[in-house]
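[1] Predicted model and sequence below, questions to follow.
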Amino acid sequence: MGRISKKRKEVLAKVDLVKSYTLVEACDLVKVITTTKFDASVDISVRLGVDPRKANQMVRGTVALPHGTGKDVKVLVLCTPDKEAEAKAAGADHVGLDDYIEKIKGGWTDIDVIITMPSVMGKVGALGRILGPRSLMPNPKTGTVTMEVGKAVEEVKAGKIDFKVDKYGNIHAGIGKASFTGDKLRDNAAELVSALNKLKPSAAKGTYIKSLYISSTMSPSIQIDAKSVLA
């Protein structure tokens with residue numbers, strides 16, 4: 001086993017790995033223990049008391065984070081020519097259709113979100129093998145298949161994120177950057193948990209939010225007392 005660096009020891013000394021912190025404490029602490037030279041991403045991991053293998057316990061949705069993600073989200077809009085000006089005016093990074101479909105078929109996926117419209121989903125659907133594993137496939141449930149492409153671009157750029165429970169019952173989501181104030185991280189985390197609560201499947205029994213952790217790139221995870229978020 002390799003030696004732990006002095007900096008890492010100092011970080012670990014500040015976190016009680018068995019303690020549940022309040023949301024306020026955890027959002028302040030994650031900033032203290034982030035020692036990367038770059039502006040690290042801050043993530044929330046929520047373990048839900050659901051069985052995602054059952055269709056009636058799938059948890060999926062979107063949430064508009066009040067303070068955005070701090071990330072410059074690269075958006076591709078695949079649309080018909082009459083919608084191109086609307087998409088560009090809203091701030092889309094790339095706009096087009098057949099030319100971008102060919103680029104993606106060739107392996108290009110240097111984007112974070114794809115927004116499209118119902119009439120071209122037939123063409124986009126053919127890219128499923130490439131887009132699916134990268135979580136880039138547009139979906140009406142997340143608002144990325146819509147006639148209102150301009151509005152969808154603006155929402156994504158402003159901090160709307162989508163989330164989906166994985167096969168182990170976990171939700172992972174980026175809620176900001178280490179440069180955010182503790183208050184902004186807290187607001188974003190609370191908004192996400194509130195959205196998850198609204199989506200609680202009626203078929204889910206027992207404790208719904210089983211555990212909640214916050215961490216930044218390369219930092220230890222800090223356990224959050226779920227009651228402090230729901231208060």
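    Looks like it arrived, so ask away. Here the structure is a predicted model, which means the values were calculated and not measured. Residues are numbered from 1 along each chain as shown.

[2] contacts, neighbours, all on C-alpha from now
    Will do.

[3] In the chain, which residue is most central in space?
    For the chain, residue 173 is the residue whose C-alpha lies nearest the centre (Cα atoms, centre = their mean; 3.6 Å).

[4] Hmm, residue 44 and it touching each other?
    Yes. Applying Cα atoms under 8 Å as the test, residue 173 and residue 44 come out as touching, 5.5 Å apart.

[5] how about the strands in the protein?
    The residue ranges that make up the strands of the chain, judged by DSSP state E, are 41-48, 60-64, 75-78, 94-96, 113-116, 160-164, 170-177, 209-216, 222-223.

[6] got the end-to-end distance for stretch 160-171?
    Counting by Cα to Cα, to the nearest Å, the length from the leading to the trailing residue of stretch 160-171 is 16 Å.

[7] which parts of the helix or strand bottoming out on mean pLDDT in the chain are buried?
    Of all helical and strand segments in the chain, the minimum by mean pLDDT, DSSP states H and E falls on helix 6-14, at a mean of 76. Using 16 or more other Cα atoms under 10 Å as the test for burial, helix 6-14 gives residue 11.

[8] ok, residues contacting it?
    Helix 6-14 is contacted by residues 33, 220 when judged by Cα atoms under 8 Å, 6 or more residues apart in numbering.

[9] switch to 6 Å and redo it
    Taking contacts as Cα atoms under 6 Å, 6 or more residues apart in numbering, the residues outside helix 6-14 that touch it are residue 33.

[10] Having no further points to raise, I will conclude here.
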